[in-house]
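Chemist: okay, predicted coordinates and the sequence, questions at the end:
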Amino acid sequence: MTEAVRAALRAQRIELPSWAFGNSGTRFKVFAQQGVPRTPYEKIEDAAQVHRYTGVAPTVALHIPWDKVDDYTHLAAFAKEHGVGLGTINANVFQDNDYMLGSVTNPDPAIRRKATDHLLECVDIAAQIGVRDVKLWFSDGTNYPGQDSIRARQDRLAEALQETYDALGDDQRLLLEYKLFEPAFYTTDVPDWGTAYAHCLRLGPKAEVVIDTGHHAPGTNIEFIVAFLLREAKLGAFDFNSRFYADDDLMVGSADPFQLFRIMHEIVLADALKPEAGIAFMLDQCHNIEPKIPAQIRSVMNVQEATAKALLVDHDALAAAQNSGDVLGANAVFMDAYNTDVRPLLAEVRQEMGLEADPIAAYKGSGYADKIVAERVGGQQAGWGA
Ligand code: RM4
Ligand code: MN
């Protein structure tokens, strides 16, 4: 049992978002930090630090156009030299003036064309570097009743998704992400998992749903959505983060570590933790007031801790209690696992992997933070919209 748990923890993979390393903030203020990357290359250097001390974060998701470069194969080679690889390509059709009334659902066909062309560009970039997943999130929606036809917007969305889907290579996937609201406040065109699921179902097997943990109404039972989509083989990926109120993008496992454990329990039950199961576990976070690299390291550790606890659930005892109607017994088995301190186990797993037991201390001791502050002077820091 213990060796199986250790092996699963060693094999776990968590993808980092390039944008977590750039400056970010709220609509009120972005607090710039010293040493922040100025180019996609520097973001990859920082992401490589997270992998170096955790050993389980070997890929970096890109956001286009924030990470636009002339030569993606060169960027991929650079990543490889730094011990990491490029991951999911994220489309961005939410920051252009043309998209005020929507991107792929815009009433203007010329704007829809421009947006869909960007999605196709993302599929092409992914193909150039041999990346499997293209992730789509749309800010599209309306602010006022009557502003546009809810139903026509679904038709336009379906059309753009179909064209993008048709461009996918055999080994590629389209990942469709939903979000309850914001920036549109009255209707959102992909507001929930049901809408994303229905579109993916029509598209076919290469289209799957992304669950961003921050994109639900307060109190939503996310593990139910996880269990349902896993059963339908339509769960493609997670965007992990934490929320207290809305799309807060705080460190995963910080607001509600118990929820993260419950999610990982469904993953373990479905044997979907291993990379071959095809679920991409990504972070989608912004670090507005805390230093970014250690915040990413902490986030990876939080996912590892929830995963370790989920792996420790005694499934035989749980099934026996469930099947005999032992409500309290079943809950006790579940809570025993959650209440286990898995930090010593994870420290041992890291040492087995040739890493230091405490990744945060190891990073702090490396001097990297001072080095980037000294070296990265001048130039334009990366951040929202950069
Ligand atoms: C969106 C969504 C996407 C992410 C952007 C930055 O709210 O979560 O996944 O790419 O933000
Ligand atoms: Mn997301």
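Modeler: Cool, got the structure. Ligands and ions are numbered 1, 2, ... in the order given.
Chemist: how much space separates Thr105 from Arg156?
Modeler: Using C-beta to C-beta, to the nearest Å, Thr105 is found at 5 Å from Arg156. Backbone N, C-alpha and C define where each C-beta goes, glycine included.
Chemist: ok, the two, which is more surrounded?
Modeler: Counting neighbours by other C-beta atoms under 10 Å for Thr105 and for Arg156 shows that Thr105 has the greater number, 29 against 24.
Chemist: and the closest residue to that one other than its chain neighbours, how many neighbours?
Modeler: Nearest in space to Thr105, with sequence neighbours left out and distances taken as C-beta to C-beta, 6 or more residues apart in numbering, is Arg153 at 4.0 Å. Neighbours of Arg153 under the rule other C-beta under 10 Å: 22.
Chemist: quick check: neighbours shared by Thr105 and Arg156?
Modeler: Residues touching both Thr105 and Arg156 by C-beta atoms under 8 Å, 6 or more residues apart in numbering: Arg112.
Chemist: what about the residue nearest to the spatial centre of the chain, which helix or strand?
Modeler: The centre of the chain sits closest to Asp239, judged by C-alpha atoms, centre = their mean, with a distance of 2.5 Å. Element membership for Asp239 (DSSP states H and E) is strand 235-240.
Chemist: so how far is the helix or strand just after that strand off the chain centroid?
Modeler: Downstream of strand 235-240, the first helix or strand assigned by DSSP H and E is helix 257-269. Computed by C-alpha atoms, centre = their mean, to the nearest Å, the chain-centroid distance of helix 257-269 equals 16 Å.
Chemist: how near is the residue lying farthest from the centre of the chain to Asp336?
Modeler: No residue in the chain sits farther from the centre than Ser324, which is 38.0 Å out by C-alpha atoms, centre = their mean. According to C-beta to C-beta, Ser324 and Asp336 sit 17 Å apart.
Chemist: as a check, name the ranges of all strands in the stretch 101-250 of the chain.
Modeler: Assigned by DSSP state E, counting those that start in this stretch, the stretch 101-250 of the chain shows strands spanning 133-136, 141-142, 173-177, 187-188, 207-212, 235-240.
Chemist: okay if I get those as a markdown table plus mean pLDDT and distance to ligand 2?
Modeler: What follows is these, written out as a markdown table (pLDDT from 0 to 100; distance: least, C-beta to the ion, whole Å):
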| stretch | mean pLDDT | distance to ligand 2 |
| --- | --- | --- |
| strand 133-136 | 98 | 8 |
| strand 141-142 | 98 | 16 |
| strand 173-177 | 99 | 5 |
| strand 187-188 | 98 | 14 |
| strand 207-212 | 99 | 4 |
| strand 235-240 | 98 | 3 |
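Chemist: now, of those, which is deepest in the fold?
Modeler: Stretch with highest mean neighbour count among the strands of the stretch 101-250 of the chain: strand 235-240 (a mean of 26; mean count of other C-beta atoms under 10 Å).
Chemist: just to check, Asp46 is in contact with Pro37?
Modeler: Yes: counting by C-beta atoms under 8 Å, Asp46 does reach Pro37; the two are 5.9 Å apart.
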